[in-house]
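[1] fold the following and give me the result.
(chains A and B)
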Amino acid sequence: MLQFTDSLTGEKVEFTPRDPGKASVYWCGPTVYDDPHLGHARSTLAFDVLVRYLRWSGYEVCAVSNITDIDDKIINRAAAEGSSEPEVAGRYEASFIGQMDRLNVAHPDLRPRATEYVDRMVEVISDLVDRGMAYTTASGVYFDVDGLDDYGALVGRSVEDLREGAGARVEVDDDKGDPLDFALWKAAKPGEPTWDSPWGPGRPGWHIECVAMSLHLLGDGFDIHGGGDDLVFPHHENERAEALGCDRAFARHWIHNGMVQVDGEKMSKSLGNFTTLNDLLDTWDPRALRLLVLQTHYRRTMEVGSTTLDQSAAALARLDKFADRMAAADLPETGSDADVVDRFRSAMDEDLGSPQALAVIFDAVRDANRALDAEDDDTAAGLHAAAIELAGVLGLELGAAAAPARDVEDDAAAAEIDDLVDQRLTAKAAKDYGRADRIRDQLTARGIVLEDSARGTSWHRG
RNA sequence: GCACCGGUGCCCGAGUGGCCCAAGGGGACGGCCUGCAAAGCCGUAAAGCCGCGGGUUCAAAUCCCGCCCGGUGCUCCA
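    Just a heads-up that it's a prediction; the model follows:
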């Protein structure tokens, strides 16, 4: 039985879905104003694994993740580059999806866009106004935090506490009755995209889109709402306030993933330790990043850097070699080793313990290799099947065939290298090892690594 | 400043009262393989006590208090 930490209570809860056998999951997708970064990757991977695991566990899952395609930053970007908001949003939505595809992230069942939900947002806001939970000013419509008993419950702070912090740091907007109140609808400003509303032309505030979309697509009291830790406040707190302000049951459970650090520091553009995902995935196999993410528990802060990526790439290479070795061994067809599967399930059921789950897989790999060495093909087959199946549950496909295609080598250079490799083999056959080694050294100096095997010699760039 | 989260071997990182004299991965070392290597497989060592100082307990990496360090949040960043 799956248990996970519900960030609303901070306690582990047993997952008991609203509808038996079904799981409804919503997590916050990106605001598409720039290329995705490591943080997006980690968060998306975390929920990808959650969804995959729920499915594998037998749940019928409906997974929803949004695209926020209207927002201050998108407007600013469009203005800065002299293009339009839809153009900016479209470009970075495509960028996001493209990078997530490289990471083998399963597409959510539904991927709603904020701009497609403005009417429904207006409905939610109207409801809040009718119920006296929100008020109108010249600059827009604001949510009245005092109307809700447990505002601050998600972030674990009292209204007074939050107000103190807000008063200390935030410019209080004259229009707002309380510094904690937040905009549901922003009145139109020159040059900004606008939609019609009962309060005049304008655009939706933040937070509101996720409420409109999640409740519409998954229904009241859906199971799990997730996102990065940094969204807990104010984003998720405010979403919750909006839904509860309408007297509607919101997410039954909340799951938040930890942040990413680079070299022990906050990852940010200004620190210059920031690699775009795109560049990173050009340099490392996307599966190495997934493996790295899985090796850290999802709630913890994790370290990403060239060192840790290299380490994961090495581990991945071992898994690929394992898969290839077993595939070549012509093992009997068999199901996954039941004990390994059980241990994997125990690990994942315990707050999605992917690090331990991975340990189970690595143990199976070692044991399968040992079994194959001992010519115990039946044992090897069951362990191999389990390792492949369970890695798949985590979104990892193994084997050289699963690795991304390398850049096509320059034909002339490749032909020359092939020729040298042949010459070396000839020398070896003649037991002229001095010459064979000189050729190998020459190739090594060019960054070419040779691998001899019973089937001949292959080479790759080191 | 306030709040929350974290500090575990050379590195990444599990573990949150006894099953821990602490998983797994990387690296190191040794063996097998090889003409020798590389790759691969197997194995071994490595934390003198899990940031520092107190305390609770029969028992703590795990709970409490203080301190140091890192991160996140405090109006729009996953």
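
[2] okay, now A:E60: neighbour count?
    12 (other C-beta atoms under 10 Å). C-beta here means a position set from N, CA and C on the backbone, and glycine is covered the same way.

[3] let me fix that: A:A329
    14.

[4] over to the one 10 residues further on?
    For A:D339, the number of neighbouring residues by other C-beta under 10 Å comes to 13.

[5] so what touches the host helix or strand of it?
    Secondary structure assigned from DSSP states H and E places A:D339 in helix A:338-349. Surrounding helix A:338-349, the residues in contact under the criterion C-beta atoms under 8 Å, 6 or more residues apart in numbering are A:1-3, A:53, A:57, A:353-354, A:356-357, A:359-361, A:363-364, A:382-383, A:386-387, A:389-390, A:393.

[6] repeat that for 6 Å
    A:2, A:53, A:353, A:356-357, A:360, A:364, A:386, A:390 (C-beta atoms under 6 Å, 6 or more residues apart in numbering).

[7] looks to me like A:C62 is in a helix.
    No. Counting by DSSP: H, G, I helix; E, B strand; the rest coil, A:C62 is not part of a helix but strand.

[8] ranges for the helices of the stretch 251-400 of chain A?
    A:277-283, A:286-294, A:306-328, A:338-349, A:354-373, A:377-393 (DSSP state H, counting those that start in this stretch).

[9] by mean pLDDT, flag the weakest helix or strand of chain A.
    The helix or strand with the lowest mean pLDDT-type score in chain A, counting by mean pLDDT, DSSP states H and E, is strand A:265-266 (a mean of 59).

[10] re the thing from before, overlap between the contacts of helix A:338-349 and the residues near RNA strand B?
    Restricting the contacts of helix A:338-349 to those adjacent to RNA strand B (criterion: C-beta under 7 Å from any atom of the strand) gives A:353, A:356.

[11] can you tell me which two in the contacts of helix A:338-349 are farthest apart?
    In the contacts of helix A:338-349, the most distant members under the criterion C-beta to C-beta are A:L2 and A:A364, with 21.4 Å between them.

[12] if we can go back for a sec, now the helices of the stretch 251-400 of chain A in a markdown table, with mean pLDDT?
    Putting those into a markdown table (pLDDT from 0 to 100) gives the following:
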| stretch | mean pLDDT |
| --- | --- |
| helix A:277-283 | 89 |
| helix A:286-294 | 96 |
| helix A:306-328 | 94 |
| helix A:338-349 | 96 |
| helix A:354-373 | 96 |
| helix A:377-393 | 97 |
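
[13] next, give phi and psi for whichever residue of the stretch 101-250 of chain A sits closest to RNA strand B.
    Nearest to RNA strand B in the stretch 101-250 of chain A, going by C-beta to the nearest atom of the strand, is A:G228, at a distance of 2.0 Å. Per-residue torsions, A:G228: phi -70, psi 150 (degrees, to the nearest 10).

[14] next: the one 3 residues further on.
    As for A:L231, its main-chain torsions (degrees, to the nearest 10) stand at phi -90, psi -10.

[15] cool, the one 3 residues further on as well?
    Reported as degrees, to the nearest 10, the phi and psi values for A:P234 are phi -90, psi -10.

[16] also A:G205?
    Summarising the backbone geometry of A:G205 under the convention degrees, to the nearest 10, its torsions are phi -80, psi -180.

[17] my read: it touches A:A187, true?
    No. Distance between A:G205 and A:A187: 10.7 Å, which falls outside the contact criterion (C-beta atoms under 6 Å).
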